[in-house]
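Fold the following for me, if possible:
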Amino acid sequence: MKKILSLLVMVTIMLFSTPDVFASNTIEPYGLKPPGESFTPGEWFLGNTPPNVDLNKPPLVFVQGKNGNSTSWYGNTEYHGLNDMYTKAYEAGYQTVFVQLYDSAGKGSYSQYDNGKLLASMLKEISQHFHGKKLNIIAHSKGGPDTQAALVLHNAHPYVGRVFTLGSPHYGSELADLAYSWWAGWLATLLGEKDDGTYSLQVGEMEYFRSLIDNHPNVSKNNYYTIAGTNTGPFLSALWMGGLYLSDPNDGLVKEASTKLSYGTHLFTDPSLDHDNIRMGSAVFSRLEQYLQSASTDRIMMNKEYLSQSDMFQELDVSHYFYGGKLQSSNDVTHSFYVDTALDNVKLWTGLTSDKIELVSPSEKKYSNQTIQSLDEASFFNGVVPHTFTGVISEIGEWKINISTQAEDNAFLLAVQHGGPSLIKVSIPTVSLETNNIVTMQANDQLQKLTFDVRVLDPTGKDIASSLQTQKVNQQNFMVNFPENKKSGVYNITLNISGETLQGEPYKRTVVRSKYIK
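Residues are numbered from 1 along each chain as shown. Alright, predicted model coming up:
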């Protein structure tokens, strides 16, 4: 089950494919395009030398995100037109360099370990080209972890001074957790694909990555600067849908909390930036430029506010209810779910844009689905179609969703997000403890008759639910214990919670989170 897709159409943690329509050396109206463009992984190429080149400024190396290539910096963005980042750097007198990681081949995304090793070899060559000059790196999204892997794990730090990460998921994205969760297994079986880049962005996998990076002596050899956005993109876009799922301040793919590094300087969070335009020159270059002019690593600005950043991921969101299953043309599916407080939104993923979907409220009001365009970076399930519903009026009671398909083999994943205060707290320790306790649940006195169904996929993708034990500490506190002889690696945990409110209304929630266990 580790073979689980590439992307979850919900959003989107990293760059988009763009058409090649620009004239070389022309800044208006199409923007500047570098000469010698190549899309072969492992190759790098220079931008044009500006007529006002300033040799005192360090060369800039641009590192794109998941599924991206060099056009991420001078081609069209998905929602905001042409990216003028290269143009802005050229006009400011910078020498520029573009690199192609494994993702540029268009055959899926790769882990930060693979991309980092490849990037490290290129950074050495680039520095040599500039006679040993230190480089500054501007990285978007997963390009941030790829860059850190190169500098810290593959010893490329001598070639680089400063690193600027734009919306990078340094602590992973819960969207990747959902893509590899137990309920998403129906879609995984349908598509039968695995994507290392998405797998590596699970919160648990990035927790392990952080343990390798943040305590490594090489991490202090470079200065890190971070920026974040909290705009979730245009209405009914893939980023918008991802933003609904993430809830906390986010850019449609990455939570703001995930973009910051304890030893870095967080330059700003901009509520106008989403995960697409946060890489645009016109949006951020002028605000970075005073820091880009030097590659000095004399001083690391410690921002102690974020030293315990991973703690922000310990208490989990308990507002969702998930359900998934098979779809076949000979068997329409109707699934009922109960809304006990308020209904925020309903999201659904299936295999076809032509699937017929209807949401029915307790008062028999019917809503039709809106299909959202899937993006390379704004999705975590390759080939899966996201659907949502607009104008839904919240009603307490039993809702139904009706799904029919013309396909012989299809599947669906339903996500219902409730509003109102949470009646239960679920926590997963961010650091492996001496005990085997891995999940704790604390319900308030408004819930009764609680039961828990725990599904855990081990590092091989096997469900080890039968080996888990749920312990009732007292009437309102519970914990899940793991077996003694567990393997090291990332475990994807799906916790299905069932019970009743004191008024006798059904209460169902689902929590999904990955966790690295030593």
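
Could you pull out the helices in this structure for me?
For the chain, applying DSSP state H gives helices covering 85-91, 112-129, 143-148, 174-179, 185-191, 196-200, 203-213, 238-246, 281-292.

helices or strands up against the second one?
Using 3 or more Cβ pairs under 8 Å, 6 or more residues apart in numbering; DSSP states H and E as the contact definition, the elements that helix 112-129 packs against are strand 44-46, strand 60-63, strand 96-99, strand 135-140, helix 143-148, helix 196-200. Glycine gets a C-beta too; all of them are placed from N, C-alpha and C.

Among these, show me which one is buried the most.
Comparing the helices and strands packed on helix 112-129 by mean neighbour count (mean count of other Cβ atoms under 10 Å), helix 143-148 ranks first with a mean of 31.

From the chain's centre, how far out is that helix? Work that out for me.
Relative to its parent chain, helix 143-148 has a centroid offset of 14 Å by Cα atoms, centre = their mean, to the nearest Å.

Surely Leu236 is in contact with Thr388?
Yes: counting by Cβ atoms under 8 Å, Thr388 is a contact partner of Leu236 at 7.3 Å.

So if I had to pick from these two, which one is more boxed in?
Higher neighbour count among Leu236 and Thr388: Thr388, with 22 against 14, using other Cβ atoms under 10 Å.

distance of that one from Asp340?
21 Å (Cβ to Cβ, to the nearest Å).

try Lys518
For Lys518, the distance to Asp340 equals 38 Å [Cβ to Cβ].

Report all helices and strands that the helix-or-strand element of the chain with minimal mean pLDDT contacts.
Lowest by mean pLDDT, DSSP states H and E among the helices and strands of the chain is helix 185-191, with a mean of 74. Packing contacts for helix 185-191, counted by 3+ Cβ pairs under 8 Å, 6+ apart, involve strand 320-327, strand 410-419.

looking at these, which is buried most?
Per-stretch averages of neighbours, counted by mean count of other Cβ under 10 Å, single out strand 410-419 among the helices and strands packed on helix 185-191, with a mean of 22.

which stretches of the chain aren't confidently modelled?
Along the chain, the model assigns pLDDT under 70 to residues 1-31, 189, 191-194, 299-313, 374-382, 430-437, 485.

Contacts only, for Tyr507.
By Cβ atoms under 8 Å, 6 or more residues apart in numbering, the contact set of Tyr507 is 338, 340, 423, 447, 497-501.

Show me what it is bridged to.
Tyr507 has these beta-bridge partners by DSSP bridges: Gly499.

Buried residues in stretch 80-90, which are they?
Buried residues in stretch 80-90, counted by 16 or more other Cβ atoms under 10 Å: 80, 82-90.

Out of the residues you listed, which comes closest to Ser211?
Minimum distance to Ser211 across the buried residues of stretch 80-90 is 32.1 Å, recorded for Met85 (Cβ to Cβ).

Quick check: that closest one touching Ile278?
No: Met85 is beyond contact range of Ile278, at 10.5 Å (criterion: Cβ under 8 Å).

Verify the contact between Gly161 and Leu135 for me.
Yes: contact criterion Cβ under 8 Å: Gly161 and Leu135 qualify, at 6.9 Å.

List the buried residues of the least confident helix or strand of the chain.
So for helix 185-191, counting by 16+ other Cβ under 10 Å, buried means 185-188, 190-191.

got the contact list for Tyr208?
490, 516.

For Val53, see how far away Trp323 is.
One correction, residue 323 is Tyr, not Trp. To Val53, Tyr323 is 58 Å away according to Cβ to Cβ.

do the same with Gln406
59 Å.

ok, now how distant is Phe412 from Thr405?
Counting by Cβ to Cβ, the gap from Phe412 to Thr405 is 9 Å.

Overlap in contacts, the two.
Common contacts of Phe412 and Thr405 (Cβ under 8 Å, 6+ apart): 327, 350, 355.

Just confirm the last one contacts Ser404, I think it does.
Yes: if you go by Cβ under 8 Å, Asp355 and Ser404 touch, sitting 7.0 Å apart.

Looking at the two, which one has more neighbours?
Neighbour count, other Cβ under 10 Å: between Asp355 and Ser404, Asp355 has more, with 21 against 17.

Quick one: residues contacting the more buried one.
Neighbouring residues of Asp355 by Cβ under 8 Å, 6+ apart: 327, 385, 387, 403-407, 410, 412.

and with 10 Å instead?
Residues in contact with Asp355 (Cβ atoms under 10 Å, 6 or more residues apart in numbering) are 327, 348-349, 369, 371, 385, 387, 403-407, 410, 412.

swap in Gly144?
Contacts of Gly144 by Cβ under 10 Å, 6+ apart are 13-14, 63, 65, 112, 137, 163-170, 224, 226, 254, 259, 261.

one more time with 7 Å, if that's ok
Neighbouring residues of Gly144 by Cβ atoms under 7 Å, 6 or more residues apart in numbering: 165, 168, 170.

Let's have those in TSV, adding distance to Pro506.
Converted to TSV, the contacts of Gly144 look like this (distance: Cβ to Cβ, whole Å):
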residue	distance to Pro506
Thr165	44
Ser168	40
His170	39
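
which of those has the most neighbours?
Counting neighbours by other Cβ under 10 Å, Ser168 comes out on top of the contacts of Gly144 with 32 neighbours.

Would you check that that one makes contact with Lys260?
No: judged on Cβ atoms under 7 Å, Ser168 makes no contact with Lys260 at a distance of 9.4 Å.

how much space between the nearest residue to Gly243 once chain neighbours are set aside and Ala139?
In space, and not counting its chain neighbours, Gly243 is closest to Thr232: 2.7 Å by Cβ to Cβ, 6 or more residues apart in numbering. Thr232 is 21 Å from Ala139, where distance means Cβ to Cβ.

coming back round to it: what residues do Leu236 and Thr388 have in common as contacts?
Common neighbours of Leu236 and Thr388 (Cβ under 7 Å, 6+ apart) are 370, 372.

With distance to Leu175 added, can I get the helices and strands packed on helix 185-191 in JSON lines?
JSON lines is the format used below for the helices and strands packed on helix 185-191 (distance: least, Cβ to Cβ, whole Å):
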{"stretch": "strand 320-327", "distance to Leu175": "12"}
{"stretch": "strand 410-419", "distance to Leu175": "11"}
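
Could I get the contacting residues of the closest residue to Gly419 other than its chain neighbours?
In space, Gly419 comes closest to Ala342 once its chain neighbours are excluded; the distance is 3.5 Å by Cβ to Cβ, 6+ apart. Counting by Cβ under 7 Å, 6+ apart, Ala342 touches 394, 418-420.

Now do the residue nearest to Met206 when sequence neighbours are not counted against Ile517, distance only.
Excluding its sequence neighbours, the residue lying closest to Met206 (Cβ to Cβ, 6+ apart) is Gly172, at 3.4 Å. Per Cβ to Cβ, Gly172 is found 15 Å from Ile517.

These two: who's more crowded?
Gly172 (27 against 19).

got the contact list for that one?
By Cβ under 7 Å, 6+ apart, the neighbours of Gly172 are 201-203, 205-206, 258.

and what of Ser258?
Ser258 neighbours (Cβ under 7 Å, 6+ apart): 169-173.

again, but for Leu359
By Cβ under 7 Å, 6+ apart, the contact list for Leu359 reads 346, 367, 389, 399, 401.

Just the CA atoms of stretch 167-183, as CSV, please.
What follows is stretch 167-183, C-alpha atoms only, in CSV (Å, rounded to 0.1, in the frame of the first residue of the first chain):
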residue,chain,number,x,y,z
GLY,A,167,6.6,28.6,1.0
SER,A,168,8.7,25.5,1.8
PRO,A,169,7.1,22.6,3.7
HIS,A,170,10.0,22.2,6.2
TYR,A,171,7.7,20.2,8.5
GLY,A,172,5.8,18.5,5.7
SER,A,173,2.2,18.8,4.7
GLU,A,174,-0.9,17.0,6.1
LEU,A,175,-2.1,16.7,2.5
ALA,A,176,0.7,14.2,1.9
ASP,A,177,-0.4,12.3,5.0
LEU,A,178,-3.9,12.1,3.6
ALA,A,179,-2.6,10.8,0.3
TYR,A,180,-0.9,7.9,2.0
SER,A,181,-3.7,7.2,4.6
TRP,A,182,-5.7,4.1,5.0
TRP,A,183,-9.0,5.6,3.6
